[in-house]
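Student: build me a structure from this.
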Amino acid sequence: MQFILAYLITNGDLLSPWVDTCIVFIVSATFVMFNKTKWEVEISALTVIVIFTGIAALGVGELVARRLIEPKKVVALKGIDDTKCGKEKSEIIVPAFATVAITSFMLFVLLYCIYQVNTIGTAYGGVGTQGDILNSYRLQSLSDEYSTSSLLKIGTLLCEVFASIYTFILLYNAIFLRWKKSCIVLFLPVLLFLILTIYSGNRSPFIHYIVFIIVVMAILYGMKNNWTKRPNRKILIAGISGIAIFFLIFSLMGFFMNRVDSLEDSMQNIAGYTGGAIPALDRFLTSFTYDIGQMGKETMQGLNRIAQSIGYSDVDAIPRHLEFINAGNMRINIYTSFRRYLHDFNYAGLYTLQFLIGFIYTSCYMAIKNGKFRNTNLAVILYASLSYPIFMQSIDEQFLTSLLTSTMLIKVISTAVIFNILIYMSNTAKRSGRKGISTAKKRTLYE
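Tutor: Residues are numbered from 1 along each chain as shown. This next block holds a predicted model:
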């Protein structure tokens, strides 16, 4: 089994992109196995071979990266004041006025989002409950005719950045230091972001946020324990809890938006979303023939939109969402990440891209482990924020379609600027003795 091989070769590294890719495909395949009779599907040998070799190509990319960037020694996370391992860690103090300003901004974005949802949802047939209105808005937002307000897009993006930074601060202080009762205030930006995500009607941000939490926890625990396997049990518990929480949110949103009427319907929705992409890929492969004229059509929408925005009007506008097909008795439009790579670049492109994904993510991860980044804290935040394509491979492609966009560039720059500003405020507050909001009391790393 490739998972066992990956786990042994990486010395039990649960943050290995190869190991994580194996895990997500195992989870999806498990749902297929338990539902194939109900779904009336059979997975062909070709599909199994394509998935197995695609994962293996990613594994080769990871092994090459590990060979090139093998750490000479593991390092502990540098504190904000660049303290060494074993010395007293420095807590992150968020100035109270900064949290108030950020919370106020996020509250304004939330209220504007609610206004937009109610206005558009009602205009396009949403009547009755708030769930009907939200479902109507969600369906309209997926159509080609509708364009989300630029103000709402930017506001939502900044809210996600704020939530990620505050989550990192909470986890950093919880893992390395001691909690203070005032920590509850730092949960406000996170809570507002979660409410905002619910009102968007989109489940993907929950996956991204859960992945962010798990990756940050795994890296911080790894650094605290000098990258031994000792914290693996905590990481596994966090991963399983994250999956359970996502399934719970998935179900509750289905009921809230009136998409399901019973618990059985909800469970089938979860099974279809988690495992349905594999039968869809199987159906795609049965009739797949490569057309070089389609190169980049399904993976380069972000770059195409950038080209259109600067005057290249002859670039085709391709919808982000793929067409629905019937796979057995399911109607579905997610095909794993492999479908887009095959459609756009054929088998050679699939294996090349999988190799590059394994190489790029492992290189960044190993650079963090080896202390290569000047600002390690920021590197952890950015790596965790951009890790979700690895965990989404068994569902849909996110590496090219999500990361190669102007939105992602804005997100990375915003995260770097906002985090550095907050750290500057934290250091200034500590030097001047002003009060702020923190979650920790100082203690040594190995206390």
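Student: so where's this protein uncertain?
Tutor: The chain contains residues with pLDDT under 70 at 71-89, 124-131, 135, 138-148, 179-182, 256-259, 307-309, 311-320, 433-447.
Student: what ranges do the strands span in it?
Tutor: Along the chain, counting by DSSP state E, strands occupy 94-95, 325-327, 330-332, 436-437.
Student: including distance to Y112 and mean neighbour count, could those strands go into CSV?
Tutor: Where C-beta positions appear, they are placed from N, C-alpha and C, glycine not excepted. Below are the strands of the chain laid out as CSV (distance: least, C-beta to C-beta, whole Å; neighbours: other C-beta atoms under 10 Å):
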stretch, distance to Y112, mean neighbour count
strand 94-95, 24, 20
strand 325-327, 37, 16
strand 330-332, 33, 17
strand 436-437, 26, 22
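Student: of those strands, which is nearest T405?
Tutor: T405 lies closest, by C-beta to C-beta, to one member of the strands of the chain: strand 330-332, at 24.4 Å.
Student: please name the strands paired to that closest one in the sheet, noting orientation.
Tutor: With DSSP bridges as the test, strand 330-332 is paired with strand 325-327 (antiparallel).
Student: identify the residues contacting the strand it pairs with?
Tutor: 39, 41, 276, 279-280, 282-284, 331-333 (C-beta atoms under 8 Å, 6 or more residues apart in numbering).
Student: can you do 10 Å?
Tutor: 39-41, 272, 276-284, 331-333, 335 (C-beta atoms under 10 Å, 6 or more residues apart in numbering).
Student: you'd agree P189 is up against F105?
Tutor: Yes - look at P189 against F105 with C-beta atoms under 10 Å: they come within range, at 9.3 Å.
Student: F284 contacts Y341, doesn't it?
Tutor: No - in this structure F284 lies outside contact range of Y341 using C-beta under 10 Å: 11.6 Å.
Student: neighbour count winner among those two?
Tutor: Legend: neighbour count by other C-beta atoms under 10 Å for F284 and Y341, higher for Y341 (25 against 19).
Student: spatially nearest residue to the more buried one (excluding sequence neighbours)?
Tutor: Using C-beta to C-beta, 6 or more residues apart in numbering and skipping the chain neighbours, the partner closest in space to Y341 is L350 (4.2 Å).
Student: list the contacts for the one you found?
Tutor: Taking C-beta under 10 Å, 6+ apart, one finds 50, 53-54, 57, 337-344 in contact with L350.
Student: measure it to A56 for me?
Tutor: Distance check for L350 against A56: by C-beta to C-beta, to the nearest Å, it reads 12 Å.
Student: ok, back up a step: which of the contacts of strand 325-327 are buried? Put it as a PyMOL command.
Tutor: Buried subset of the contacts of strand 325-327, written as a PyMOL selection, criterion 16 or more other C-beta atoms under 10 Å:
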select buried, resi 39+41+272+276+277+278+279+280+281+282+283+284+332+335
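Student: which residue is the nearest non-sequential neighbour of L404?
Tutor: What sits nearest to L404 in space, not counting adjacent residues and going by C-beta to C-beta, 6+ apart, is G302, at 4.8 Å.
Student: my read is that the one you found contacts L400, right?
Tutor: Yes - between G302 and L400 there is a contact under C-beta under 10 Å: 7.7 Å.
Student: okay, those two: which has more neighbours?
Tutor: The neighbour count for G302 versus L400, taken as other C-beta under 10 Å, is higher for L400 (23 against 19).
Student: just to revisit the earlier point, who has more neighbours, P189 and F105?
Tutor: P189 (25 against 16).
Student: quick check: the more buried one vs L170, distance?
Tutor: Remark: distance between P189 and L170 (C-beta to C-beta) = 10 Å.
Student: for W18, same thing?
Tutor: According to C-beta to C-beta, W18 stands 29 Å off from L170.
Student: quick one: the helices in the stretch 201-350 of the chain?
Tutor: For the stretch 201-350 of the chain, the helices defined by DSSP state H, counting those that start in this stretch cover 204-224, 232-256, 263-275, 277-286, 301-309, 336-369.
Student: figure out which of the ones you listed is closest to R66.
Tutor: R66 lies closest to helix 336-369 among the helices of the stretch 201-350 of the chain, at 6.1 Å (C-beta to C-beta).
Student: ok, back up a step: quick one: which of W18 and L170 has more around it?
Tutor: W18 (28 against 20).
Student: identify the residues contacting the more buried one.
Tutor: Residues counted as contacts of W18 (C-beta under 10 Å, 6+ apart) are 2-3, 5-7, 9-10, 55-56, 58-63, 66, 358, 361-362, 390.
Student: helices - which of the residues you listed land there?
Tutor: Among the contacts of W18, DSSP state H puts 2-3, 5-7, 9, 55-56, 58-63, 66, 358, 361-362, 390 in helices.
Student: which among these end up buried?
Tutor: Applying 16+ other C-beta under 10 Å to the ones in helices among the contacts of W18 flags 2, 6-7, 9, 55-56, 58-59, 61-63, 66, 358, 361-362, 390 as buried.
Student: pick the one among those residues closest to F288.
Tutor: Nearest to F288 among those is I55, at 18.8 Å by C-beta to C-beta.
Student: leaving aside the residues next to it on the chain, what's closest to that closest one?
Tutor: Nearest to I55 is T21, by C-beta to C-beta, 6+ apart, at 5.4 Å.
Student: that neighbour is in contact with G358, isn't it?
Tutor: Yes - in this structure, T21 is within contact of G358 by C-beta under 10 Å, at 8.0 Å.
Student: so for the two, which residues contact both of them?
Tutor: Common contact partners of T21 and G358 (C-beta under 10 Å, 6+ apart): 55-56, 58-59, 62, 390.
Student: out of those, flag the one nearest to Q116.
Tutor: Nearest to Q116 among the shared contacts of T21 and G358 is I390, at 32.0 Å by C-beta to C-beta.
Student: from V161, how far off is that closest one?
Tutor: 20 Å.
Student: turn the helices of the stretch 201-350 of the chain into CSV, including distance to D132.
Tutor: Formatted as CSV, the helices of the stretch 201-350 of the chain follow (distance: least, C-beta to C-beta, whole Å):
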stretch, distance to D132
helix 204-224, 21
helix 232-256, 10
helix 263-275, 17
helix 277-286, 28
helix 301-309, 30
helix 336-369, 32
